[in-house]
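S.K.: The amino acid sequence is not available; the structure is as follows:
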Ligand code: UGA
């Protein structure tokens, strides 16, 4: 099929490359000239494992191209909207400027029978509003809401082998003409047995908001348990192991630590609360305020614990933060809990060095006042305490014995509860986890 993908960020660039991999002819369109130049040269504009190899692979087939010129969408019959919906400045609600502009910019190039497929995470009611707008245009195009569930760091495999496909169409009917077209787009996944659900527009939009809210709630639940564990001397990691063995609960997303960040969970739960408020259903989601509060409290807690580790005073202490990205295998620092903690420590007088295998350039743009060092050995040299805040494999694998000789004081705060506390203690370290004795 001939496909256009509007928006080539974390979602769209991967989607475009994967659609080409599946055999479609794809044009990726974005207003950012630099991004388009990179992608046209088969260079990923951000770090995502496997993306660059995939870009090279598919560009050789001639099925994938990138442009800033929207008129190239005219050759396509399926148009994916993959632009961002960031949090509005000073408000909880999502900023819909980019989605609205993408749809408006696309309209002159849409021909009868085309489908426009929204993948961006949007407030419920957006598809209905856009569909009304489309209905007034000639020719009318069908609008499908097809939420994306990919995780950064696993984006390529999540797109090529999703765990489900949701198509939201205006009448919620399997017979809607857009369903057969999307089935053709996703024929590879469907033949591999991926479950596919057809719903109405609002249900499809809500599936995404509900899924991310559930994941955020799971993380904040275990972090709340970590607070109780800290008050009682219990160990939250063993607690999670034990409750996770109940398959109604499951162990995934029960990793207690410094909490969730990134460009999705934090802003999505806030946008969901804001939208529920507009709909008069705010009471239904007041628990998400608590989920958000528990999550933000983790950051303050780490600052307090670091102060304790440093003997009650942060002033002049040399601290090294291992990891700047909001999660490993990503260079994304949007709402990164690690950087927010690093900045708070620095504000309180500590001298903070941050290291990360991939995210230092992005981090330095957001927090220029912090000190960055790409070499781990140099970053930890003469540190008064280490804080492991993003669990990259190379930090999990650090050898506590050799590291002890390089730091000033062997103090480590394991913000992700991934280190073997016994091993670090035997190597002479004062080890602190979160929610662990
Ligand atoms: C999230 C969802 O997992 C995806 O399904 C969704 O498609 C995506 O948002 C989106 O809306 O686009 P992502 O933001 O890439 O994906 O990251 P997650 O893997 O969900 O992690 C989010 C944060 O939670 C990270 O900071 C991670 O460190 C933290 N986390 C995760 C925990 O603190 N504990 C856990 O047990 C799991």
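M.R.: Cool, the structure landed. These numbers were taken from a predicted model, which means no experiment stands behind them.
S.K.: How many residues are close by residue 378?
M.R.: The local packing of residue 378 (other CB atoms under 10 Å) involves 13 other residues. C-beta coordinates here come from the backbone N, C-alpha and C atoms, glycine included.
S.K.: so which strand or helix has it?
M.R.: With secondary structure defined by DSSP states H and E, residue 378 is part of helix 376-380.
S.K.: other SSEs contacting that helix?
M.R.: Packed against helix 376-380 by the contact rule (3 or more CB pairs under 8 Å, 6 or more residues apart in numbering; DSSP states H and E) you find strand 318-322, strand 351-355.
S.K.: can you list the residues that contact the last one?
M.R.: If I follow you right, that is strand 351-355. Where contact means CB atoms under 8 Å, 6 or more residues apart in numbering, the residues beyond strand 351-355 that reach it are 316-324, 338-339, 342-343, 345-346, 360, 363, 370-376, 379-380, 383.
S.K.: Just the buried subset of those, please.
M.R.: When the contacts of strand 351-355 are checked for burial by 16 or more other CB atoms under 10 Å, the buried set is 317-324, 338-339, 342-343, 345-346, 360, 363, 370-373, 376, 379-380, 383.
S.K.: who in this protein is up against the ligand?
M.R.: With CB under 6 Å from any ligand atom as the criterion, the chain meets the ligand at residues 121, 148-152, 212, 215, 219, 253-255, 257, 259-262, 264-265, 268, 326-327.
S.K.: Point out the ones among these that are inside helices.
M.R.: Among those, the members falling in helices are 212, 215, 219, 265, 268 (criterion: DSSP state H).
S.K.: taking those residues as a set, which two sit the farthest apart in space?
M.R.: Pairwise distances among these were taken by CB to CB; the largest, 12.9 Å, belongs to 219 and 268.
S.K.: Identify the contacts common to these two.
M.R.: Looking at what touches both residue 219 and residue 268 (by CB under 8 Å, 6+ apart), there is no common residue.
S.K.: re earlier: what's in contact with the helix holding residue 378?
M.R.: The list of residues contacting helix 376-380 from outside it, by CB under 8 Å, 6+ apart, reads 320, 322, 353-355, 373, 386, 394-395, 398, 403, 406-407.
S.K.: Okay, helices next: where are they in the stretch 151-300 of the chain?
M.R.: When assigned using DSSP state H, counting those that start in this stretch, the helices of the stretch 151-300 of the chain occupy the ranges 155-160, 177-185, 187-191, 201-232, 236-244, 265-278, 286-309.
S.K.: can these go into TSV with extra columns for distance to residue 40 and mean neighbour count?
M.R.: Output for these, formatted as TSV (distance: least, CB to CB, whole Å; neighbours: other CB atoms under 10 Å):
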stretch	distance to residue 40	mean neighbour count
helix 155-160	19	19
helix 177-185	23	17
helix 187-191	25	15
helix 201-232	30	19
helix 236-244	45	17
helix 265-278	30	22
helix 286-309	39	18
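S.K.: closest to residue 26 out of the ones you listed?
M.R.: helix 177-185 (10.5 Å).
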